[in-house]
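[1] Have a look at this fold, sequence not included:
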């Protein structure tokens, strides 16, 4: 039986309290549950973020029957 996985997008973290390289590496190594894109999170980039997410899904989730975008 395949157990579905959940992937989430985290955006707009404050640089003063968060160091992406240092803080995310243990999470990625342990759970492989974070997808990172090199882009500024803004309204103007919503389409780009969606396209990059769909490209990742097509490449990484080949057996997914459904995809829910909320």
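    Sure, I can see it. Note that this is a predicted model, so its numbers are computed, not measured. Residues are numbered from 1 along each chain as shown.

[2] Next, the buried residues of the one helix or strand residue 46 maps to.
    Per DSSP states H and E, residue 46 falls inside helix 46-60. Neighbour-count burial for helix 46-60 flags residue 53 (criterion: 16 or more other CB atoms under 10 Å). (Glycine included, C-beta is placed from N, CA and C.)

[3] Any idea how far that helix is from the middle of the chain?
    Here helix 46-60 is found 9 Å from its chain centre; the criterion is CA atoms, centre = their mean, to the nearest Å.

[4] From residue 25, how far out is the closest residue to residue 69 other than its chain neighbours?
    Nearest residue to residue 69, sequence neighbours excluded (CB to CB, 6 or more residues apart in numbering): residue 50, at 7.5 Å. Distance of residue 50 to residue 25, given as CB to CB, to the nearest Å: 26 Å.

[5] One more: residue 32?
    Where residue 25 is concerned, residue 32 sits at a distance of 12 Å (CB to CB).

[6] shared neighbours of the two, which are they?
    Here residue 32 and residue 25 have no joint contacts, going by CB atoms under 8 Å, 6 or more residues apart in numbering.

[7] All good on my end, thank you.
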